[in-house]
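**Q** Next comes the sequence, and after it the predicted model I'd like to discuss.
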Amino acid sequence: MINLDALFQLLADKGFKDPDTGNLFFPAYIYTYDPKEEYEMRKQIEALDKKLQRPNHYLECQILNIYTEIITYLKSQTFAGNTLFEDILAKEKEEPKEAARWIKEEIELGFYKYLREKIEKHFSFESDKRVYLIIHGFGSAYPYLRASEFLVKNEEFIKKFKVILFYPGKFENSNYRLFKILGDENMYRANYLNKFLADSN
């Protein structure tokens, strides 16, 4: 049974929510969970958001499902009357490998820009209520986008807010493993949130 009470208490803490506390150079945190609990975790993230919005906290988290955002982006791009999403689906029926390559290419060419603009819009208001960017859906986004790739591509962008990545996998021998199997490189700078919570108790 997933219980995010400890995480809620941490995110609601006035000291922690300040972007200048913790890892000053890279305020990103990774929370690992069992991939089998994916759908329950989505419900818990929604419940966490509602609790943080209550008047005594009034924190306006930006919560993004990274897989849903990729789909939304592909549907927003049109060419010759079709959306990229429609064209990629058609390509997938004939050449699935080529379709996968196409998706990765579009992520590099335009998705990150689209995502940054959306995030910047949310955090553009000077407010101490907008401090957390919570991202999940990396299990669904595989193999098109990895959590490690997201962090590397946005390393210079993550400064004015704290990023919480929900990661379906485990942390073992100083490495993150997606689905408890696939190694994710270049995430050494992010804080392992599970250990942070354990040490705080």
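**A** That came in fine, so what should we check first?

**Q** Can you tell me the closest non-neighbouring residue to L59?
**A** L52 (4.2 Å; Cβ to Cβ, 6 or more residues apart in numbering). Where you see a C-beta, it was placed from the backbone N, CA and C, and this is true even at glycine.

**Q** show me the residues around that neighbour that make contact.
**A** If you count contacts by Cβ atoms under 8 Å, 6 or more residues apart in numbering, L52 has them with F8, L11, A12, L59, C61, Y132.

**Q** Quick one: buried ones out of those?
**A** Buried members of the contacts of L52, counted by 16 or more other Cβ atoms under 10 Å: F8, L11, A12, L59, C61, Y132.

**Q** ok, now how distant is E156 from Y112?
**A** 12 Å (Cβ to Cβ, to the nearest Å).

**Q** Compare these two and say which is more crowded by neighbours.
**A** Y112 (17 against 6; other Cβ atoms under 10 Å).

**Q** tell me which element that one is part of?
**A** helix 112-123 (DSSP states H and E).

**Q** again, but for T72
**A** helix 66-76.

**Q** Give me the next element, helix or strand, following that helix.
**A** From helix 66-76, the next helix or strand downstream (DSSP H and E) is strand 78-79.

**Q** List of residues touching that following strand?
**A** With Cβ under 8 Å, 6+ apart as the criterion, strand 78-79 contacts L84, D87.

**Q** how about the closest residue to S127 other than its chain neighbours, what does it touch?
**A** Using Cβ to Cβ, 6+ apart and skipping residues adjacent in sequence, the residue nearest S127 is E60, 7.4 Å away. If you count contacts by Cβ under 8 Å, 6+ apart, E60 has them with Q53, H122, S127, K129, R130.

**Q** Need the buried ones from those residues selected in PyMOL.
**A** If you want just the buried ones from the contacts of E60 in PyMOL, going by 16+ other Cβ under 10 Å, the selection is:
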select buried, resi 130
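
**Q** want to try JSON lines for the contacts of E60, with secondary structure as columns?
**A** Shown next, in JSON lines, are these (DSSP: H, G, I helix; E, B strand; the rest coil):
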{"residue": "Q53", "secondary structure": "helix"}
{"residue": "H122", "secondary structure": "helix"}
{"residue": "S127", "secondary structure": "coil"}
{"residue": "K129", "secondary structure": "coil"}
{"residue": "R130", "secondary structure": "coil"}
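
**Q** Just give me the closest of the contacts of E60 to D87.
**A** H122 (29.6 Å; Cβ to Cβ).

**Q** Which residue, neighbours along the chain excluded, lies closest to I181?
**A** In space, I181 is closest to G169, 7.9 Å off (Cβ to Cβ, 6+ apart).

**Q** And for the one you found, the neighbour number?
**A** 23.

**Q** Buried ones in the host helix or strand of it, by neighbour count?
**A** Under the criterion of DSSP H and E, G169 resides in strand 162-172. The neighbour-count check on strand 162-172 (16+ other Cβ under 10 Å) flags K162, V163, I164, L165, F166, Y167, P168, G169, K170, F171 as buried.

**Q** In this structure Y176 contacts F138, no?
**A** No: counting by Cβ atoms under 8 Å, Y176 sits too far from F138 to count as a contact (10.3 Å).
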